[in-house]
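J.: Fold the stuff below for me.
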Amino acid sequence: MEVVVVGGGVAGAAAALALERAGIGVRVFEARSGAQGAGAFLVVAGNGMRAVRELGVELASGFPLRSARFCNGDGDELGVSALDGHRCVRWDELCTELRAQVRRRGVPVEHGARFVSAEQDGDEVVARFADGRTARGDLLIGADGVHSAVRGQLDPVPERYAGQQVFFGYSGPVDVPHVPGRIEMIRGSAGNFGWTMAPEGRAYWFARIPGPPADPGESEVDRKERLLAALRPDATPAADLVSATEDVLAVNARDLLPQPRWRDGRVLLVGDAAHAASPATGQGASMAFEDAVFLAKSLRDHGNLDVYERFRRARTERNALRSAQMTTAVSAEFAERPDEVDRLSARHTDAPDDDPAALLPWNDPLPATPS
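T.: Residues are numbered from 1 along each chain as shown. Next up, the predicted model:
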């Protein structure tokens with residue numbers, strides 16, 4: 001079997017690693033021409049880290065998170081929870097490490113390949129790219145993110161604005177009390193704020209602020225000041241951390257509700273291309289790593305994708321639903337299509353919702369149906 005993977009980010013690289021480990025031929029085609037900027041950071045949760053290890057990878061980038069502390073806008077502690085194997089890592093560092101692992105295993109990665117279309121040709125599928133390149137395989141995996149070009153052809157469900165703007169940045173040196181390996185989660189008066197101190201002494205922080213989508217013409221200075229105005233009323237370090245940050249980045253939170261069809265013949269969507277959720281649950285990368293393991297084991301043990309979708313659909317849709325509910329709980333005024341949330345809530349009422357840890361071990365066969 002030969003598989004063409006469109007997208008070389010977290011989901012695409014993870015899928016390539018899993019397929020190669022299963023003895024399946026794979027090639028990766030990435031639209032970006034090369035390395036990108038630092039971008040956002042993310043947390044790979046314990047379930048995601050378990051899946052990473054089943055790919056035969058021990059992540060070196062980032063740093064571990066061992067606990068989470070919750071407080072309100074007055075600085076009052078609401079609780080502290082232990083974290084099971086979580087890891088905080090910058091997106092660019094994670095992608096670089098995963099792609100290096102892909103190349104180390106002899107999997108070709110081609111850059112500057114912007115996907116245009118896919119055509120079924122007998123028992124094969126042919127991918128076409130904007131520069132005239134083509135790639136032929138038994139399967140095509142669309143792992144090209146929330147703005148997926150592959151999804152645009154397979155089932156063009158548009159991503160929607162989830163009701164929050166997400167700000168993030170990396171502070172300069174700042175004197176705030178902290179516990180190494182702990183992420184601080186603040187339920188502030190204007191939104192949610194989270195931060196953790198990296199070993200090099202910089203704070204990694206994010207803010208989720210409900211409201212209408214950001215004005216694309218807003219200057220970086222105005223963006224930073226708008227965020228600071230939302231954070232200053234609270235008795236927390238949030239405003240100090242943002243003030244100590246040179247570059248404040250922001251995106252509009254997006255998700256896929258309703259979720260698209262995942263398959264059409266020999267084309268399959270994985271990762272955010274299939275089931276992007278708003279960032280409230282923090283499970284985006286972890287779901288992509290789980291996808292990779294289940295994809296490879298479904299093909300290895302059953303030779304088809306039916307088993308993959310049986311195991312993954314309910315879990316990923318429930319994650320998107322929970323994240324939407326957590327988001328709209330503080331931004332209901334801007335929530336779109338609440339009927340879709342209700343529909344998805346009812347759709348998988350009876351589906352198993354267990355952590356798939358027992359099914360992840362690489363050497364254990366995957367059953368044909370969830371228990």
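J.: buried set for the helix or strand hosting residue 221?
T.: Assigned by DSSP states H and E, residue 221 belongs to helix 220-231. Neighbour counts over helix 220-231 (16 or more other Cβ atoms under 10 Å) mark 223, 224, 226, 227, 230, 231 as buried. C-beta here means a position set from N, CA and C on the backbone, and glycine is covered the same way.
J.: Check those residues against residue 86 and report the nearest one.
T.: residue 231 (24.5 Å; Cβ to Cβ).
J.: quick one, what contacts the residue nearest in space to the middle of the chain?
T.: Centre of the chain computed as the mean C-alpha position; nearest residue by Cα atoms, centre = their mean is residue 284, 2.6 Å away. Residue 284 is in contact with 42, 272, 276, 277, counting by Cβ atoms under 8 Å, 6 or more residues apart in numbering.
J.: Among those, which one lies nearest to residue 24?
T.: Lowest distance from residue 24 to the contacts of residue 284 (Cβ to Cβ) belongs to residue 272, with 22.3 Å.
J.: For the closest one, give its distance to residue 366.
T.: 23 Å (Cβ to Cβ, to the nearest Å).
J.: Regarding the protein, what is its longest strand?
T.: If you go by DSSP state E, the chain has its longest strand at strand 77-90.
J.: okay, it in PDB with CA atoms only?
T.: Presented in PDB, the C-alpha positions along strand 77-90 are these (Å, rounded to 0.1, in the frame of the first residue of the first chain):
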ATOM      1  CA  GLU A  77      -7.100  29.800  44.500                       C
ATOM      2  CA  LEU A  78      -9.900  27.600  43.300                       C
ATOM      3  CA  GLY A  79      -7.900  24.300  43.200                       C
ATOM      4  CA  VAL A  80      -4.800  22.500  42.000                       C
ATOM      5  CA  SER A  81      -4.800  19.400  39.900                       C
ATOM      6  CA  ALA A  82      -2.000  17.000  39.000                       C
ATOM      7  CA  LEU A  83      -1.300  16.500  35.300                       C
ATOM      8  CA  ASP A  84      -0.600  13.100  33.900                       C
ATOM      9  CA  GLY A  85       2.400  13.400  31.500                       C
ATOM     10  CA  HIS A  86       1.400  16.700  29.900                       C
ATOM     11  CA  ARG A  87       4.000  18.700  27.800                       C
ATOM     12  CA  CYS A  88       4.100  22.300  26.700                       C
ATOM     13  CA  VAL A  89       5.800  22.900  23.400                       C
ATOM     14  CA  ARG A  90       6.000  25.600  20.700                       C
END
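J.: chain center to it: distance?
T.: Offset of strand 77-90 from its chain centre (Cα atoms, centre = their mean, to the nearest Å): 17 Å.
J.: now stretch 9-26
T.: With Cα atoms, centre = their mean, you get 17 Å for stretch 9-26.
J.: Equivalent analysis for stretch 220-229, please.
T.: On Cα atoms, centre = their mean, the centre of stretch 220-229 falls 26 Å from the chain's centre.
J.: Next: stretch 258-275.
T.: 15 Å.
J.: what's the answer for stretch 129-147, then?
T.: For stretch 129-147, the distance to the chain centre is 20 Å (Cα atoms, centre = their mean).
J.: From one end of that stretch to the other, what's the distance?
T.: Stretch 129-147 has an end-to-end distance of 16 Å (Cα to Cα, to the nearest Å).
J.: mind showing which ranges of the protein have poor pLDDT?
T.: Low-confidence segments of the chain (pLDDT under 70): 34-38, 329-354.
J.: Counting by contacts, list what the longest helix along it packs against.
T.: Secondary structure of the chain per DSSP state H: the longest helix is helix 306-331. Under the contact definition 3 or more Cβ pairs under 8 Å, 6 or more residues apart in numbering; DSSP states H and E, helix 306-331 sits against strand 160-170, strand 203-210, strand 249-255, helix 272-275, helix 284-302, helix 338-347.
J.: hmm, 6 Å instead?
T.: strand 160-170, helix 284-302, helix 338-347 (3 or more Cβ pairs under 6 Å, 6 or more residues apart in numbering; DSSP states H and E).
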